[in-house]
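Asker: The following comprises the amino acid sequence and a computationally predicted model.
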Amino acid sequence: MFLSAFDRRRIVLIALVTLFALPTLWVVSRDKAAPDSISATIIGTSDSVDSATASAASDESLEPMILGGPAPIVQDGSARIAYPATDPTGVQAIASFSNFDGGPNIVCYIPVAPLGISITVKNLNNGRTTRCTNVYRISLPSGITMLLHTNVFESLANLVDAPIPVSVSW
């Protein structure tokens, strides 16, 4: 691609203007004296501003001050820790979720329970409980002993929490 004579002249002219304009602007901006102190204007009623506060606005060695608000919470370094509960009345399982290939959203599968029966599932981490119908599923993922429909699982925990410990009773 070749530039015309007019385009080459324009590029040379812009380069010359830039060559002289940038150093000139730098020298001009450097010659301006920066203010030594920052001035502040205090607006308020005579009741709320006293002479010490007004004179402190121009002082450079100010100490920080607390303006008010709620008292800070005293931290003693202790925290309550939640431990998962154990439920001795049901079968313990590790549950995950699946959409059961588009099946009804009230189904689940645990091999130790009778098929077609309504079972109660309790999340041992947070105590939430739900019910589902046990249906047959060909396989379970590795390390999982119970599979819940996605909607049933969401009533117990968030999907990112999978797998979860549960107690199953029927």
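Answerer: Yep, it's here. In this text the structure is predicted, and so the values were computed from the model without any measurement.

Asker: Other residues contacting the strand ranked longest in the chain?
Answerer: Longest strand in the chain by number of residues (criterion: DSSP state E): strand 91-98. In this structure, residues lying in contact with strand 91-98 by Cβ atoms under 8 Å, 6 or more residues apart in numbering are 86, 110, 112-113, 121, 124, 137, 141, 143-150, 152-154, 156, 159, 162-169. C-beta: built from backbone N, CA, C; applies to glycine.

Asker: And the strands in this protein?
Answerer: Going by DSSP E, the chain shows strands at 91-98, 107-109, 118-123, 129-134, 146-149, 164-169.

Asker: quick revisit: sheet-wise, list the partners of the longest strand of the chain with their directions.
Answerer: Taking DSSP bridges as the criterion, strand 91-98 sits next to strand 146-149 (parallel), strand 164-169 (antiparallel) in its sheet.

Asker: Using TSV, please lay out the ones you listed together with mean neighbour count, mean pLDDT and distance to G103.
Answerer: Shown next, in TSV, are the strands paired with strand 91-98 (neighbours: other Cβ atoms under 10 Å; pLDDT from 0 to 100; distance: least, Cβ to Cβ, whole Å):
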stretch	mean neighbour count	mean pLDDT	distance to G103
strand 146-149	25	92	7
strand 164-169	20	92	19
